[in-house]
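Trainee: return a 3D structure for these sequence lines:
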Amino acid sequence: MATSSQYCASTDLSGYGIRAEALTGVTPANLQLAIADASAEIDGYLRARYTLPLASWGTDLTAICCRLAVYRVMMIRGFNAARAGDEQIRLQYEDAVHMLGLISQGRVHPNVVDSSSTAQGEAPGAFPIASSYRSRGYMVPDGQHGGAFQGRR
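Mentor: Residues are numbered from 1 along each chain as shown. Just a heads-up that it's a prediction; the model follows:
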């Protein structure tokens, strides 16, 4: 099984849903554990569509990872889900999980490049595959039917 990528760093957490001072008192080990757990959860959803580990990803996935990790950190540190600011942490977590479900279903397409490769070493899906039935094939210059077209770039 592929090892999990870390989709965010502890320094990213304050940029995606939590103030840096809210993390005061949380040990670096707990931050790393929360990020590792969040990243593993993301892999569980991505595995349905992508070859892991990912070669690269965008801020969309980083934001999702941060929101999952922040929720985990706050579960360790403790928070009041009825308080407005703390309620936002739970809502962001639920939104992140919902987005992962949409990604897994193929309804949302994150900015990622997985670790599979094509013959040319290009990102999967970079070029479309076109085909046609024989009756809808192409004509060659002398008027002969050229057969069905199939090919990749």
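
Trainee: how far away is residue 18 from residue 54?
Mentor: Per CB to CB, to the nearest Å, residue 18 is found 24 Å from residue 54. Just so you know, the C-beta spots here come from the backbone N, C-alpha and C atoms, and that holds for glycine as well.

Trainee: what of residue 44?
Mentor: Per CB to CB, residue 44 is found 13 Å from residue 54.

Trainee: got the domain boundaries for this protein?
Mentor: For the chain, automatic domain parsing gives the domain ranges 10-113, 118-153.

Trainee: right, so the ones you listed: which one is the most enclosed?
Mentor: Neighbour counts (mean count of other CB atoms under 10 Å) averaged over each of the domains of the chain peak at domain 10-113, with a mean of 16.

Trainee: not counting sequence-adjacent ones, nearest residue to residue 46?
Mentor: Spatial nearest neighbour of residue 46, excluding adjacent residues (CB to CB, 6 or more residues apart in numbering): residue 52 at 6.4 Å.

Trainee: quick one: the helices in the chain?
Mentor: All helices of the chain, identified by DSSP state H, fall at 28-46, 59-77, 84-104.

Trainee: save the ones you listed as CSV, and put in distance to residue 4 and mean pLDDT too.
Mentor: Formatted as CSV, the helices of the chain follow (distance: least, CB to CB, whole Å; pLDDT from 0 to 100):
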stretch, distance to residue 4, mean pLDDT
helix 28-46, 5, 96
helix 59-77, 11, 93
helix 84-104, 14, 91
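
Trainee: now distance to residue 114 too, for those, in CSV please.
Mentor: CSV is the format used below for these (distance: least, CB to CB, whole Å):
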stretch, distance to residue 114
helix 28-46, 8
helix 59-77, 12
helix 84-104, 12
